[in-house]
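>>> Fold the following and give me the result.
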Amino acid sequence: MKQPFRLALAIAVALSVGSVVRAQDAKSKIEQYMDATAKVDHFMGAVLVAQHGTVLFSAGYGLANVKVGIRNAPKTEFQVASITKEFTAMAVLELQERGKLNVQNPVCKYVPSCPKDWAPITIFNLLTHTSGIPDFTTFPVYSKVETQPETPRELLALFENRPLVFTPGIKYAYSNSGYILLGYIVQRVSGEAYPEFLAKNIFTPLGMRHTGYDGGHPSGSNRARGYFYSKGRYVPAAYVNMTALFSAGGLYSTVLDLYKWERAVHDGKLISGRLRDEMIAPQVSMDSSGEFHSGFGWVIQTKFGHKEVSHSGGVQGFTSRNVWFPDDDAYIIVLDNMTLPPPRVGDIGDALAAILFNKEYAIPKS
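Numbers count the residues shown, from 1 in each chain. Here you go, the predicted structure:
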């Protein structure tokens, strides 16, 4: 009996050592790649890569605030823009699990004086960008709206009487308006303000102490300021009042908190596994290629042969990329506070995934 036990123990030790070696190798390659990206491409922000409950790499690069010399770190808070949609979708599904609504319900059930054109639109259509409601951020007036404090009702007024751009349900077209409407519905159904609902039902239970709704310009020692790079200088980005993006893009967070969030979704801590699976299922095709699909608040595709669930965000001075490989229990989060130049956070995320899955990638060279 002793010999099989010793053999099993030796195999277990060998596997454990092999795993540690692979993790150390991945960490070294990630560090080398990110150092080059910061030096050659002027990346400013924070990055986190994790798998199987272990953070393989987490670091900050460049400055959170150029004027006062505060450096970026994993705890730095960044505007995450459209990554907000992941949380808005979760709020809707939490309400469904409580029997307060259903994604197949018509939106007019929750919107007083609902436009006649909206009668066929369901919550599902809003979640998957198939409603046909035009994106208000493309309207000429938005350049003025984004600098002013806005209420959800004022935002709805910008698009509720506009004609639909297509018949609901027949195709995909990204619409921030749809996610504004979802936030409005969350408030109507829950009886709570959207920021309060998220804080009570997501951020606080998950210990996301550096995530929240931002009603104005970033402030505080841990908050990054947004920049763009021009002629060798970091120039402050234009002011955006984040209430103008509300439930479509008004949140800030850190790489550490977003990791807590993704792990919680993976582990089914907020909704049932069945609803979680619906959330990240390929609900509708996003283009004719059939390679990209919309879930509820997430984009689903295959990357390096692995199922990737992700979302990106962008607002003046900030870009973000939140990536989850559910079948591999792997996570890549890239947040930056410097809009230009390339590579974008999507390219950085792809390179980090390539390292994680032992695929080819290119190190930036000067």
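>>> what about the helices in the stretch 1-150 of the chain?
2-41, 84-97, 123-127, 142-145 (DSSP state H, counting those that start in this stretch).
>>> tell me the SS of V186?
helix (DSSP: H, G, I helix; E, B strand; the rest coil).
>>> again, but for A248
helix.
>>> wait, what's in contact with it?
Residues in contact with A248, defined by CB atoms under 8 Å, 6 or more residues apart in numbering, are S82, T84, K85, T88, N176, S177, Y179, I180, G183. Backbone N, C-alpha and C define where each C-beta goes, glycine included.
>>> low-scoring pLDDT stretches of the stretch 201-350 of the chain, where are they?
Across the stretch 201-350 of the chain, the ranges flagged by pLDDT under 70 are 216-220, 340-343.
>>> Do a quick rundown of the strands in it.
For the stretch 201-350 of the chain, the strands defined by DSSP state E, counting those that start in this stretch cover 212-213, 227-230, 233-236, 251-253, 284-285, 293-294, 299-303, 306-315, 318-325, 330-336.
>>> Remind me what the second one packs against, helices and strands.
In this case it means strand 227-230. With contacts taken as 3 or more CB pairs under 8 Å, 6 or more residues apart in numbering; DSSP states H and E, strand 227-230 sits against strand 233-236.
>>> pretty sure L256 contacts L48?
Yes: using CB atoms under 8 Å, L256 is in contact with L48, at 6.8 Å.
>>> any common contacting residues for these two?
S58, P74.
>>> re the thing from before, list just the nearest of the contacts of A248 to I332.
Nearest to I332, judged by CB to CB, of the contacts of A248 is S82 at 16.9 Å.
>>> Leaving out sequence neighbours, find the closest residue to that closest one.
Nearest residue to S82 in three dimensions, chain neighbours excluded: G313, at 3.9 Å (CB to CB, 6 or more residues apart in numbering).
>>> what does I185 give?
Here the residue nearest I185, using CB to CB, 6+ apart, is Y110, at 4.6 Å.
>>> tell me the contacts of that neighbour?
Applying CB under 8 Å, 6+ apart, the residues near Y110 are L101, Y184, I185, R188, V189.
>>> picking up where we left off before, so can I have CSV of the strands of the stretch 201-350 of the chain showing mean neighbour count and distance to P152?
Output for the strands of the stretch 201-350 of the chain, formatted as CSV (neighbours: other CB atoms under 10 Å; distance: least, CB to CB, whole Å):
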stretch, mean neighbour count, distance to P152
strand 212-213, 19, 12
strand 227-230, 17, 29
strand 233-236, 14, 28
strand 251-253, 27, 15
strand 284-285, 15, 26
strand 293-294, 20, 23
strand 299-303, 16, 25
strand 306-315, 20, 18
strand 318-325, 25, 22
strand 330-336, 28, 26
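>>> okay, those strands in a markdown table with distance to L206 next?
Shown next, in a markdown table, are the strands of the stretch 201-350 of the chain (distance: least, CB to CB, whole Å):
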| stretch | distance to L206 |
| --- | --- |
| strand 212-213 | 13 |
| strand 227-230 | 30 |
| strand 233-236 | 32 |
| strand 251-253 | 11 |
| strand 284-285 | 28 |
| strand 293-294 | 24 |
| strand 299-303 | 22 |
| strand 306-315 | 17 |
| strand 318-325 | 15 |
| strand 330-336 | 14 |
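>>> Nearest to A119 among these would be which one?
Using CB to CB, those put strand 284-285 closest to A119, at 20.2 Å.
>>> Show me what that closest one is packed against.
Counting by 3+ CB pairs under 8 Å, 6+ apart, strand 284-285 packs on strand 293-294.
>>> Stretch 68-81: which residues count as buried?
Buried residues in stretch 68-81, counted by 16 or more other CB atoms under 10 Å: I70, N72, A73, P74, K75, T76, E77, F78, Q79, V80, A81.
>>> Closest to K303 out of those?
Among these, and counting by CB to CB, the member closest to K303 is V80, at 20.5 Å.
>>> Most neighbours of all the contacts of Y110, which one?
I185 (25 neighbours; other CB atoms under 10 Å).
>>> Any figure for the gap between that residue and I363?
Counting by CB to CB, to the nearest Å, the separation of I185 from I363 is 46 Å.
>>> How about D257?
Distance from D257 to I363, by CB to CB: 29 Å.
>>> The two - which one has more neighbours?
D257 (24 against 13).
>>> Tell me the predicted confidence for the residue nearest the centre of the chain.
Nearest to the geometric centre of the chain sits I83, at 2.6 Å (CA atoms, centre = their mean). I83 is assigned a pLDDT of 98 by the prediction.
>>> Could you find the closest non-adjacent residue to it?
G313 is the one closest to I83 (CB to CB, 6+ apart), at 4.5 Å.
>>> Let me see the contact set for that neighbour.
So G313 contacts Q79, V80, A81, S82, I83, T84, G249, T319, S320, R321, N322 (CB under 8 Å, 6+ apart).
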